[in-house]
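In: Sequence first, predicted model second:
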Amino acid sequence: MNRTSYSRATLVVVIAGAVALTWFAIAPTISSASEEPFIIPPPKADVTTDTQSGLKTAVIAGGCFWGVQGVYQHTDGVVQAVSGYAGGKQSTASYETVSGGATGHAESVKITYDPQKISYGKILQIYFSVVADPTQLNRQGPDSGTQYRSAIFTSSPEERKITEDYITQLNDAKVYKRPIVTAIEPMTGFYPAEDYHQDYLTLHPNQPYIAFNDIPKVENLKKLFADSYRDKPVLVRDASNKATN
């Protein structure tokens with residue numbers, strides 16, 4: 001079952017409550033982020049803030065970008081989180097094409113953050129704690145295919161080393177029952193997704209896919225990282241409105 005089928009199910013839920021009950025009856029059989037979360041150790045090495053000036057960016061992939069974006073929009077220190085595509089060519093960066101699984105793209109989120117308020121390492125710690133299951137290969141929860149892979153796109157040798165060392169640290173400590181399969185890939189280009197994908201979690205909190213798979217991630221952020229959680233999300237549409245006014 002993929003995300004498209006859930007979207008169709010949403011229409012049925014609106015039309016017939018009986019179908020909604022059926023959906024929620026089978027939902028617990030599907031692996032999701034609603035499983036009990038746990039906070040993982042922070043990275044032993046991180047980018048030092050005294051060398052950081054201005055805003056920085058990080059691009060990560062962890063399954064459907066709706067939930068990934070939603071988590072970081074609620075993370076203090078993040079000034080913008082945009083859903084999009086990374087890992088492939090600009091010519092194939094569209095939802096319909098990427099959904100075929102043969103473009104090299106992963107559904108990703110570009111995080112713009114203030115390094116004086118949140119570090120690159122903290123972004124990774126939140127990622128491995130509440131955003132994605134890094135032991136799932138080419139899938140996250142109910143979504144399967146390389147476009148839903150767990151990946152960190154690094155923009156500098158320092159970011160790559162910190163990410164590599166962190167994954168080694170977590171594997172050596174056996175934080176997870178299985179080895180981490182998160183890919184570390186060079187950042188070759190990020191292409192924003194279509195407008196209707198932006199701020200999706202905030203705009204559609206009661207959609208079954210969002211309610212079951214993604215809202216729990218935001219709740220886990222609030223529970224495990226209370227010092228990094230903010231109640232009001234930073235939305236893409238708010239930034240767009242400011243730019244046009």
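Out: Happy to help now that I have it.
In: For residue 222, see how far away the residue nearest the centre of the chain is.
Out: Geometric centre of the chain, nearest residue: residue 68, 2.2 Å, by C-alpha atoms, centre = their mean. Distance, residue 68 to residue 222, by C-beta to C-beta, to the nearest Å: 16 Å. Using the backbone N, CA and C atoms, a C-beta is placed for each residue, glycine as well.
In: what's the closest non-adjacent residue to residue 119?
Out: residue 46 (5.1 Å; C-beta to C-beta, 6 or more residues apart in numbering).
In: Assign a three-state SS to that neighbour, would you?
Out: Three-state assignment for residue 46 (DSSP: H, G, I helix; E, B strand; the rest coil): coil.
In: and the residue nearest to the centre of the chain, what element?
Out: helix 65-73 (DSSP states H and E).
In: could you say what helices and strands that helix packs with?
Out: strand 56-62, strand 78-86, strand 106-113, helix 120-126, helix 200-203, helix 215-224 (3 or more C-beta pairs under 8 Å, 6 or more residues apart in numbering; DSSP states H and E).
In: Minimum distance to residue 166: which of these has it?
Out: Nearest to residue 166, of all the helices and strands packed on helix 65-73, is helix 120-126, at 5.8 Å by C-beta to C-beta.
In: Please write out the alpha-carbon positions of that closest one in CSV.
Out: The C-alpha atoms that make up helix 120-126 are tabulated as CSV, following Å, rounded to 0.1, in the frame of the first residue of the first chain:
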residue,chain,number,x,y,z
TYR,A,120,24.1,20.3,12.5
GLY,A,121,24.7,17.5,14.9
LYS,A,122,21.4,18.3,16.7
ILE,A,123,19.6,18.1,13.4
LEU,A,124,21.0,14.7,12.8
GLN,A,125,20.2,13.6,16.4
ILE,A,126,16.5,14.6,15.9
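In: Give me the distance from the helix holding residue 68 to the chain's centre.
Out: With C-alpha atoms, centre = their mean, to the nearest Å as the basis, helix 65-73 stands 5 Å off its chain's centre.
In: Kind regards, and thank you for your time.
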